[in-house]
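K.L.:
Next input, structure requested:
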Amino acid sequence: MADYFEYLHTVGFEETNLVGNVYYVNYLRWQGRCREMFLKQRAPEVLAELQDDLKLFTLKVDCEFFAEITAFDELSIRMRLVDLTQTQLEFRFDYVRIDRADGEGSATETLVARGRQRVACMRGPNTRTAPAMVPESLVKALEPYAL
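P.N.:
Predicted coordinates for the structure are as follows:
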C-alpha cells in the first residue's frame, strides 16, 4: 500500500489560460477535491458528521510550482498527513505528472508542484462554532498516510 492517498485527474481545457497553462487556482481546487475523495473513500463516518455539526475549516493553503502542465496532462495528486494536533490537521499534496510513453506499461513521473493545507475542526451552529477534537475515525483513516 502506498504511503499517500491518490486522486487521479486529467487536466481539461477549462482549467487552462489562453497560453495553455493551468490556472494556479486549479491546484487549490484539486487539493480540496483530493481531500473530499479521501473522506468519501476512507472516512465515510466523517461525512455523516459533516452533515450534523462538524465543520472542517481551511485555515491556510499554499502551492509551490516546479514545472508547467497543460490540457490532457495526467496528474496524480498525492495527499499525506504532515501534522495532527487535537483540533487541527495539516496535509501535504504532491502533484505528479504521469507520462505514459507507450500508452500502457512504463510511465515517467515528474513532480510538478507541491502544496500544503491546514484544516481546523469546529463544531456548533454557524453563529457559534468552537474548536473541536479531530474525529477518531478520521485519525484512524489518516494513519497509513502520516509522514
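K.L.:
after the helix or strand where residue 119 lies, next one along is what?
P.N.:
According to DSSP states H and E, residue 119 maps onto strand 107-123. Scanning forward in sequence from strand 107-123 by DSSP H and E, the next helix or strand is strand 130-131.
K.L.:
ok, residue 145 touching residue 79?
P.N.:
Yes. Here residue 145 reaches residue 79: they are 6.7 Å apart, a contact under Cβ atoms under 8 Å. From N, CA and C alone the C-beta is placed, and that goes for glycine too.
K.L.:
Now for those two: what residues contact both?
P.N.:
Common contact partners of residue 145 and residue 79 (Cβ atoms under 8 Å, 6 or more residues apart in numbering): 4-5.
K.L.:
Assign a three-state SS to residue 33, would you?
P.N.:
helix (DSSP: H, G, I helix; E, B strand; the rest coil).
K.L.:
Ok, residue 143 next?
P.N.:
Going by three-state DSSP: residue 143 is helix.
K.L.:
What is the burial count for it?
P.N.:
9 (other Cβ atoms under 10 Å).
K.L.:
residue ranges with poor pLDDT in the chain?
P.N.:
Applying pLDDT under 70 to the chain flags the ranges 102-105.
K.L.:
Which residue is the nearest non-sequential neighbour of residue 15?
P.N.:
Closest residue in space to residue 15, ignoring its immediate chain neighbours: residue 26 at 4.6 Å, by Cβ to Cβ, 6 or more residues apart in numbering.
K.L.:
Check for me that the one you found belongs to a strand.
P.N.:
No. Judged by three-state DSSP, residue 26 forms no part of a strand; its state is helix.
K.L.:
would you list every one of the helices in the protein?
P.N.:
24-42, 44-51, 136-142 (DSSP state H).
K.L.:
mind checking which of the ones you listed is nearest residue 86?
P.N.:
helix 136-142 (10.2 Å; Cβ to Cβ).
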